[in-house]
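1. Give me coordinates for this.
(one chain, ligands or ions: 2)
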Amino acid sequence: MQQKQQYIDGQWVGALSGETREIINPFNREVIAIAAEGNAEDARKAITAARKAFDLGEWPGTPATERSKIVHKIADYILRDKEELAELESLDTGKTVEESRGDMEDIAGVFRYYAELADKDGGEIIDSPVPDSVSKVVREPVGVCGQITPWNYPLLQASWKLAPALVTGNTLVMKPSEITPLTSVKVFELMEEAGVPKGVVNLVLGSGSTAGAELSSNEDVDLISFTGGIQTGKKIMQAASSNVKKLALELGGKNPNVIFADADFETAVDQALNGVFFHAGQICSAGTRILVEESLQEKFVNALVDRVKNIKLGSGFSEDTQMGPLISEEHLQKVTDYVEAGVREGAEVAVGGKRPEDPELQQGFFYLPTVLTNCSTDMDVVQNEGFGPVITIETFSAEEEAVKLANDSIYGLAGGVWTKDIAKAERCSAKMRMGTVWINDFNLYFPHAPWGGFKQSGIGRELGRPGLEEYQETKHIFHNLNPEPINWF
Ligand SMILES: NC(=O)c1ccc[n+]([C@@H]2O[C@H](COP(=O)([O-])OP(=O)(O)OC[C@H]3O[C@@H](n4cnc5c(N)ncnc54)[C@H](O)[C@@H]3O)[C@@H](O)[C@H]2O)c1
Ligand SMILES: C[N+](C)(C)CC=O
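-> Residues are numbered from 1 along each chain as shown. Ligands and ions are numbered 1, 2, ... in the order given. Okay, the predicted model is just below:
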């Protein structure tokens with residue numbers, strides 16, 4: 001059995017309490033690893049190491065070109081160990097190995113992108129209004145960063161935090177989701193191999209209410225970056241006020257996918273499926289809320305349902321599997337309750353709406369891909385993030401109505417619009433209140449473009465240059481070249 005330890009101050013260590021947690025394969029409930037179960041005490045030890053490495057260590061002052069070389073090496077090692085990482089991710093999350101391989105390519109790309117960006121910003125000189133002076137703006141690391149990640153894309157979400165924090169000279173303590181720590185442990189091994197100095201990167205394993213809460217409230221942490229659910233995000237925001245930490249929140253979404261009657265029909269249907277059923281709908285930006293123009297509704301829903309019926313469920317390690325299980329028993333219950341509540345509200349199950357009957361799937365946390373029709377914006381099933389393989393269908397009859405419905409949400413993470421009318425697409429994307437709007441596409445992301453939410457989907461941005469700036473303080477240095485007394489007093 002694999003034993004997974006924490007990485008604190010350059011040492012691989014168990015939990016101070018000696019406690020451990022069983023890591024479960026969601027496909028068959030088998031125990032795949034035993035992980036250290038750290039708590040607030042372990043988090044404090046890691047924060048102390050990161051603080052010392054920031055205040056007294058060389059990393060913040062290391063030239064960006066040198067930090068960049070190390071981060072490039074991390075990208076190299078991720079690609080070298082891509083297959084092992086992909087298999088670990090699939091074992092831990094249930095997603096198909098094919099999806100995990102794609103994630104690993106994306107993750108290496110993120111480290112590569114930030115390694116490239118690291119030494120491209122030498123600050124700027126301001127045209128000073130004061131004669132005989134130099135006014136310059138420089139960017140410096142924020143300090144000790146707490147980073148808390150979710151279970152759905154364990155290493156991808158970690159990479160969006162690790163790479164920019166490292167290249168900008170911060171030190172950090174990461175706490176991955178307690179139920180999916182495997183690839184995070186592996187990437188800390190790779191960071192050690194790449195030569196990241198002792199104390200700069202620290203990994204604490206354990207639950208959110210202990211280790212995570214300590215990272216959020218501890219006054220030696222300068223920035224907390226969190227990806228996860230909205231309720232946890234609110235708690236972290238409160239805890240972060242202890243020392244007015246810098247705060248980055250990547251929270252949930254209930255993302256509208258608007259299909260106009262003039263869309264390319266086959267592509268829109270195909271991408272509507274892709275937009276939801278990858279990783280069994282456990283994606284923050286899943287397009288689970290389909291808004292279809294009334295005149296197209298019947299044809300669209302029929303085509304969708306026909307395709308959904310053929311989605312092959314199974315082990316992420318089988319080549320013909322298209323969709324794996326949900327992450328846990330608890331989450332399976334949550335999705336089941338979510339659909340049942342929707343039906344009580346008036347939604348109709350066009351396909352799915354229950355667990356599969358296939359005997360081979362009974363040990364796993366499977367739920368059938370589901371389409372719910374007869375939905376309206378005021379229903380909880382439309383407003384709440386179900387985080388499962390469940391589409392709700394609403395209709396609209398005019399462009400303005402489509403935009404109004406799409407925006408009728410506490411969330412603002414992402415959305416899509418499908419039409420061949422370029423002007424209509426531009427008008428809609430301009431009015432949709434979301435961090436990302438896809439026109440004739442869905443769920444695409446890459447390191448160069450910022451990612452984050454409007455409204456209650458979060459604060460701040462990851463990826464792109466904004467994702468780097470989250471980890472930088474901006475300093476203005478004014479130098480008077482000809483100081484003289486003012487003689488005011
Ligand atoms: N916006 C994005 O980019 C994005 C990406 C991935 C996932 N998500 C969101 O993540 C959610 C699913 O992930 P989840 O179920 O792991 O979320 P979660 O909020 O339950 O947990 C996320 C992390 O927070 C920790 N945590 C829990 N309670 C805590 C506390 N009181 N203090 C500090 N940390 C605490 C957990 O241990 C875990 O590491 C969904 O809502 C999804 O939309 C958002
Ligand atoms: C941000 N993303 C789309 C990679 C994963 C969201 O859950």
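2. where does D121 land on pLDDT?
-> What the model reports for D121 is a pLDDT of 85.
3. what's around the closest residue to it other than its chain neighbours, how many residues?
-> Distances taken as Cβ to Cβ, 6 or more residues apart in numbering place R139 nearest to D121, at 6.4 Å, with adjacent residues excluded. Using the backbone N, CA and C atoms, a C-beta is placed for each residue, glycine as well. When neighbours are counted by other Cβ atoms under 10 Å, R139 registers 18.
4. For R139, name its beta-bridge partners.
-> Here R139 sits in beta bridges with T474, as judged by DSSP bridges.
5. now the lowest-mean-pLDDT helix or strand in the chain, how far from the chain's geometric center?
-> Using mean pLDDT, DSSP states H and E, the weakest-scoring helix or strand in the chain turns out to be strand 2-4, at a mean of 92. Computed by Cα atoms, centre = their mean, to the nearest Å, the chain-centroid distance of strand 2-4 equals 25 Å.
6. helices or strands next to it in the packing?
-> When contacts are defined as 3 or more Cβ pairs under 8 Å, 6 or more residues apart in numbering; DSSP states H and E, strand 2-4 packs onto strand 31-36, helix 182-194.
7. most packed of the ones you listed?
-> Among these, the stretch with the highest mean neighbour count (mean count of other Cβ atoms under 10 Å) is helix 182-194, at a mean of 21.
8. List the contacts of whichever residue of the chain sits closest to ligand 1.
-> Nearest to ligand 1, among the residues of the chain, is G208, at 2.0 Å (Cβ to the nearest ligand atom). Counting by Cβ atoms under 8 Å, 6 or more residues apart in numbering, G208 touches 148, 175, 178, 228, 232.
9. tell me which of the residues you listed is nearest to ligand 2?
-> Nearest member of the contacts of G208 to ligand 2, counting by Cβ to the nearest ligand atom, is G228, at 9.8 Å.
10. check contacts around the closest one.
-> Counted by Cβ under 8 Å, 6+ apart, G228 has contacts 148-150, 177, 208, 250-251.
11. try Q456
-> Counting by Cβ under 8 Å, 6+ apart, Q456 has contacts 230, 251, 410-412.
12. Output the residues you listed in TSV; the columns should cover secondary structure and pLDDT.
-> Formatted as TSV, the contacts of Q456 follow (DSSP: H, G, I helix; E, B strand; the rest coil; pLDDT from 0 to 100):
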residue	secondary structure	pLDDT
I230	helix	98
L251	coil	98
I410	coil	98
Y411	strand	98
G412	strand	98
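13. contacts for stretch 375-387?
-> Stretch 375-387 is contacted by residues 152, 229-230, 252-254, 281-282, 286, 288-289, 331, 334-335, 338-339, 341-342, 345-347, 372, 390, 392-394, 405, 408-411 when judged by Cβ under 8 Å, 6+ apart.
14. sorry, back to before: can the contacts of G228 go into CSV with extra columns for distance to ligand 2 and secondary structure?
-> Below are the contacts of G228 laid out as CSV (distance: Cβ to the nearest ligand atom, whole Å; DSSP: H, G, I helix; E, B strand; the rest coil):
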residue, distance to ligand 2, secondary structure
I148, 14, strand
T149, 11, coil
P150, 7, coil
S177, 12, coil
G208, 17, helix
E250, 7, strand
L251, 10, coil
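15. tell me the mean pLDDT over stretch 360-378?
-> 97.
16. near ligand 1, anything from it?
-> No - if you take Cβ under 6 Å from any ligand atom as the test, stretch 360-378 misses ligand 1, and the best it gets is 13.7 Å.
17. Using PDB, write down the CA coordinates of that stretch.
-> These are the backbone C-alpha positions of stretch 360-378, laid out as PDB (Å, rounded to 0.1, in the frame of the first residue of the first chain):
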ATOM      1  CA  GLU A 360     -20.300  -4.000 -12.900                       C
ATOM      2  CA  LEU A 361     -20.900  -0.400 -11.800                       C
ATOM      3  CA  GLN A 362     -22.500  -1.100  -8.400                       C
ATOM      4  CA  GLN A 363     -19.300  -0.800  -6.300                       C
ATOM      5  CA  GLY A 364     -18.500   2.600  -7.800                       C
ATOM      6  CA  PHE A 365     -20.100   6.000  -7.200                       C
ATOM      7  CA  PHE A 366     -21.800   6.100 -10.600                       C
ATOM      8  CA  TYR A 367     -24.800   8.300 -11.600                       C
ATOM      9  CA  LEU A 368     -26.300   8.200 -15.100                       C
ATOM     10  CA  PRO A 369     -25.800  11.200 -17.300                       C
ATOM     11  CA  THR A 370     -29.100  13.100 -17.000                       C
ATOM     12  CA  VAL A 371     -31.200  15.600 -18.900                       C
ATOM     13  CA  LEU A 372     -34.000  17.500 -17.100                       C
ATOM     14  CA  THR A 373     -36.500  19.300 -19.200                       C
ATOM     15  CA  ASN A 374     -39.400  21.700 -18.200                       C
ATOM     16  CA  CYS A 375     -37.000  23.800 -16.100                       C
ATOM     17  CA  SER A 376     -37.300  27.500 -15.300                       C
ATOM     18  CA  THR A 377     -34.900  30.000 -13.900                       C
ATOM     19  CA  ASP A 378     -36.700  30.300 -10.600                       C
END
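18. circling back to that earlier point, pairing partners for the least confident helix or strand of the chain, with directions?
-> Counting by DSSP bridges, strand 2-4 is paired with strand 31-36 (parallel).
19. I'd like the distance from the very next helix or strand once past the partner strand to the chain centre, please.
-> Of the helices and strands lying after strand 31-36 in sequence (DSSP states H and E), the nearest is helix 40-55. How far helix 40-55 lies from its chain's middle: 24 Å, per Cα atoms, centre = their mean.
20. now swap in stretch 59-70 and tell me
-> Between the centre of stretch 59-70 and the centre of its chain there are 26 Å (Cα atoms, centre = their mean).
21. Kindly report the same for stretch 401-416.
-> Averaging C-alpha positions (Cα atoms, centre = their mean) puts stretch 401-416 20 Å from its chain's average.
22. Could you give me the buried positions within it?
-> Residues of stretch 401-416 classed as buried under the neighbour-count rule (16 or more other Cβ atoms under 10 Å) are 402-403, 405-407, 409, 411-416.
23. Next step: these restricted to strands.
-> When DSSP state E defines the strands, the subset of those inside them is 411-412, 414-416.
24. count of neighbours near the residue of the chain found nearest ligand 2?
-> Using Cβ to the nearest ligand atom, C284 is the residue of the chain that sits closest to ligand 2, at 3.4 Å. Neighbourhood size, C284 [other Cβ under 10 Å]: 26.
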